[in-house]
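> after the sequence you'll find the predicted model.
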Amino acid sequence: MNYKEFTLIDLLFSTVWILIFTVIVVYIRQKNRNNPLYKHFIKAYVYKILMGFLFAFIYVYVYGGGDTLAYWQGGDVLNNLLLHSPEDYLSEMWNSYTDKTYVPSCYNRQTGFPPYWIYFEPNSWFISKISSFFSFFTFGSYLALNIIYSFISFIVSYRFYLFVNRITTIKSNLLLIAILFIPSVSFWCGGVSKDTVVYCLCLISIMSVWKLIYSKISLKTIIITLFSIYCLIQSRPFILIAILLPLIIILIFRLNRNSAFIIKIITRTLGITISFLIVGLFLRYSDMLGEFSTTNLIQTAETTYSDFQKNEIYSGKRYDLGIEDFSNNSLIKAIPSAVFTSIYRPFLWEAESVLMLLNGLESIFLIFMTIQLLRSTRNKKGKTIIQTDVSRDFIVFCLFFVIILGFFVGLTSGLFGVLSRLKAPILPFFMIFLFHRINRIDETETGFKEIQ
């Protein structure tokens with residue numbers, strides 16, 4: 001199935017969906033017209049839709065293809081299979097295959113054939129399964145499916161923006177930039193891609209788990225938590241480690257908050273050490289995370305890193321962390337460089353495309369804000385607003401999330417082009433951490449309310 005340009009069907013159904021979503025957005029804005037947190041709601045929506053359209057345009061007219069079109073094609077083929085044989089459709093939605101010698105007999109010329117480099121990679125084929133559900137309402141239009149993904153990403157991101165406003169004292173305008181207006185995040189996490197699905201699942205998981213810890217436990221929250229975690233395991237499982245490990249650390253801090261100082265130091269140090277040891281043992285001896293579990297995690301990272309470094313098939317500028325072997329000592333030594341690379345690179349002079357140039361400009365801003373944070377930490381003069389325990393806990397969570405996920409991303413990317421895409425979920429949390437000392441003067445101005 002070749003797709004080289006937007007068709008009349010694309011333009012027609014994408015326009016229909018944009019009109020539907022615009023009506024929904026205007027209704028929500030009017031319903032919350034007295035809430036200052038919705039002041040930029042329509043602007044954020046328009047920005048996200050434009051970024052989604054740009055994503056589709058670049059992949060169709062500049063790159064001439066890519067995984068995004070494979071996900072759409074896989075979803076379209078599954079829809080055809082549903083009409084042809086509902087029983088086979090349900091079987092395909094439930095099962096995944098990694099053995100490339102397996103020949104699926106349910107597909108034919110009527111249904112079409114899925115892209116096999118996606119079909120035999122369960123984490124990627126899962127995205128086609130998700131696309132199958134949404135593409136059923138687009139009549140086979142890739143552009144319309146892209147608009148739907150962009151809208152869902154916008155709604156989830158805005159919910160996260162409101163959530164962070166409730167639990168922190170950071171200025172709302174800064175949170176708006178960090179969560180909704182980072183260009184690379186809006187681009188890479190706004191189209192038909194695994195990155196969009198993973199980013200949305202990541203935000204949903206964090207919000208739901210946080211509610212379970214700090215709010216009243218409800219059946220709805222439990223179901224959302226379990227569903228989002230299940231989907232993360234199916235799509236990009238190592239993200240769970242970056243979420244759950246900081247949460248364990250936060251719980252340790254929370255449980256002994258009122259203890260004596262020496263008790264805090266001992267229990268927190270011991271607790272964090274045990275947490276990392278548990279995760280390490282889990283990665284080495286558990287098989288539930290597929291290719292990103294047990295020794296396979298390290299093997300996958302080593303294979304990917306080596307492949308990107310040496311295989312000339314992969315185009316694009318490479319980076320080198322200086323890892324000679326993947327022993328435990330080498331990996332520990334690589335943590336600072338991997339995290340630094342994930343956050344601040346590519347630099348401007350390392351950019352070889354417009355998209356990477358955008359990352360370079362973002363890196364300059366992040367470096368500047370990091371320097372400002374370090375200066376504000378040293379200079380303790382001026383008015384200090386006392387943060388709530390919930391706000392402080394979330395800032396700590398953001399820092400650990402950035403470090404853990406930054407290590408995974410920096411270690412396994414190898415190419416700046418891949419790095420620019422995989423690092424996107426890190427940036428909002430790092431910017432939240434950078435902005436955490438810039439507090440609201442009057443909490444009532446933005447409707448700040450700690451989770452009860």
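Looks like it arrived, so ask away.

> what is the burial count for Gly64?
For Gly64, the neighbour count with other C-beta atoms under 10 Å is 11. Just so you know, the C-beta spots here come from the backbone N, C-alpha and C atoms, and that holds for glycine as well.

> which residues of the chain score low on pLDDT?
Low-confidence segments of the chain (pLDDT under 70): 1-2, 257, 268, 274-276, 278-316, 322-328, 330, 377-388, 440-452.

> who touches the residue nearest to the spatial centre of it in this structure?
Here the mean C-alpha position of the chain is nearest to the C-alpha of Tyr199 (C-alpha atoms, centre = their mean), at a distance of 2.4 Å. For Tyr199, the contacting residues are 153, 185, 189, 424-425, by C-beta atoms under 8 Å, 6 or more residues apart in numbering.

> helix or strand: which one has it?
If you go by DSSP states H and E, Tyr199 is part of helix 194-214.

> ok, then the element right after that helix?
Sequence-wise, the next helix or strand downstream of helix 194-214 (DSSP H and E) is helix 219-235.

> now that following helix: how far from the chain's centre is it?
Helix 219-235 sits 15 Å away from the centroid of its parent chain (C-alpha atoms, centre = their mean, to the nearest Å).

> what's downstream of that helix, the next helix or strand?
Per DSSP H and E, helix 219-235 leads on to helix 238-255 as the next helix or strand towards the C-terminus.

> in the helix holding Tyr199, which residues are buried?
Of the residues in helix 194-214, those buried under the neighbour-count criterion (16 or more other C-beta atoms under 10 Å) are 194-211, 214.

> if we can go back for a sec, possible to save the contacts of Tyr199 as CSV with distance to Lys264?
What follows is the contacts of Tyr199, written out as CSV (distance: C-beta to C-beta, whole Å):
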residue, distance to Lys264
Ser153, 40
Val185, 35
Cys189, 37
Ala424, 35
Pro425, 31
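
> just the residues you listed now: which is nearest Arg392?
Compare each of those with Arg392 using C-beta to C-beta and the shortest gap goes to Pro425, at 22.3 Å.

> for the closest one, what are phi and psi?
Dihedral angles phi and psi of Pro425 (degrees, to the nearest 10) take the values phi -60, psi -20.

> what's the spacing between the residue lying closest to it once chain neighbours are set aside and Phe347?
Nearest in space to Pro425, with sequence neighbours left out and distances taken as C-beta to C-beta, 6 or more residues apart in numbering, is Tyr199 at 5.0 Å. As for Tyr199, its distance to Phe347 is 24 Å (criterion: C-beta to C-beta, to the nearest Å).

> swap in Val192?
30 Å.

> how many neighbours does Ile18 have?
If you count neighbours by other C-beta under 10 Å, Ile18 ends up with 16.

> my bad, Asn256
Asn256 is surrounded by 15 other residues when neighbours are defined as other C-beta under 10 Å.

> for Arg375, same thing?
As a burial measure, Arg375 scores 9 neighbours (other C-beta under 10 Å).

> what ranges does the stretch 51-200 of the chain have for its helices?
In order along the chain, the stretch 51-200 of the chain carries the following helices (DSSP state H, counting those that start in this stretch): 67-84, 86-94, 116-119, 122-135, 142-167, 172-180, 183-188, 194-214.

> and the angle for the last one with helix 238-255?
Helix 194-214 runs at 20 degrees relative to helix 238-255, counting by axes from the mean of the first three to the mean of the last three C-alpha atoms, to 10 degrees.

> how far does helix 194-214 sit from its chain's centre?
The chain centroid and the centroid of helix 194-214 are separated by 9 Å under C-alpha atoms, centre = their mean.

> next one: the first one
Here helix 67-84 is found 23 Å from its chain centre; the criterion is C-alpha atoms, centre = their mean.

> what's the answer for the third one, then?
A distance of 22 Å separates the centroid of the chain from that of helix 116-119, by C-alpha atoms, centre = their mean.

> thought Tyr71 was touching Phe126?
No: under the contact definition of C-beta atoms under 8 Å, Tyr71 does not touch Phe126, with a separation of 9.7 Å.

> looking at the two, which is more packed in?
When Tyr71 is set against Phe126 and neighbours are counted by other C-beta under 10 Å, the residue ahead is Tyr71, at 31 against 22.

> OK, contacts around the more buried one?
118, 124, 127-128, 131, 192-194.

> apply 7 Å and report the result again.
Applying C-beta atoms under 7 Å, 6 or more residues apart in numbering to Tyr71 gives the contacts 118, 127-128, 131, 192-193.

> can you pick the most crowded of these?
Across these, neighbour numbers were computed from other C-beta under 10 Å; Val192 holds the maximum, 32 neighbours.

> okay but that one is in contact with Ser128, surely?
No: with contact defined as C-beta atoms under 7 Å, Val192 does not reach Ser128; the gap is 9.7 Å.

> hang on, the earlier thing: turn the contacts of Tyr199 into JSON lines, including neighbour count and distance to Ser259.
What follows is the contacts of Tyr199, written out as JSON lines (neighbours: other C-beta atoms under 10 Å; distance: C-beta to C-beta, whole Å):
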{"residue": "Ser153", "neighbour count": "25", "distance to Ser259": "42"}
{"residue": "Val185", "neighbour count": "25", "distance to Ser259": "39"}
{"residue": "Cys189", "neighbour count": "31", "distance to Ser259": "40"}
{"residue": "Ala424", "neighbour count": "23", "distance to Ser259": "38"}
{"residue": "Pro425", "neighbour count": "24", "distance to Ser259": "34"}
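
> returning to that earlier point: in a markdown table: the contacts of Tyr71, plus distance to Tyr230.
Listed next are these as a markdown table, based on distance: C-beta to C-beta, whole Å:
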| residue | distance to Tyr230 |
| --- | --- |
| Ile118 | 20 |
| Ile127 | 14 |
| Ser128 | 17 |
| Ser131 | 18 |
| Val192 | 21 |
| Ser193 | 20 |
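
> what is the nearest of the residues you listed to Phe365?
The nearest member of those to Phe365, counting by C-beta to C-beta, is Ser193 at 24.1 Å.

> the nearest residue to Val209 once chain neighbours are set aside - how many residues pack around it?
Computed as C-beta to C-beta, 6+ apart, the closest residue to Val209 that is not its neighbour in sequence is Thr225, at 5.7 Å. Using other C-beta under 10 Å, Thr225 is surrounded by 20 other residues.

> surely Thr225 and Ser208 touch.
Yes: with contact defined as C-beta under 7 Å, Thr225 counts as touching Ser208 (4.2 Å).

> pull up the overlap in contacts between those two.
Common neighbours of Thr225 and Ser208 (criterion: C-beta under 7 Å, 6+ apart): none identified.

> tell me which residues in stretch 46-62 are buried?
When burial is assessed from 16+ other C-beta under 10 Å, stretch 46-62 yields the following buried residues: 47-49, 51-56, 58-60.

> got these as JSON lines, with distance to Ile367 columns?
Shown next, in JSON lines, are the buried residues of stretch 46-62 (distance: C-beta to C-beta, whole Å):
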{"residue": "Tyr47", "distance to Ile367": "24"}
{"residue": "Lys48", "distance to Ile367": "26"}
{"residue": "Ile49", "distance to Ile367": "30"}
{"residue": "Met51", "distance to Ile367": "24"}
{"residue": "Gly52", "distance to Ile367": "29"}
{"residue": "Phe53", "distance to Ile367": "30"}
{"residue": "Leu54", "distance to Ile367": "26"}
{"residue": "Phe55", "distance to Ile367": "26"}
{"residue": "Ala56", "distance to Ile367": "31"}
{"residue": "Ile58", "distance to Ile367": "27"}
{"residue": "Tyr59", "distance to Ile367": "30"}
{"residue": "Val60", "distance to Ile367": "34"}
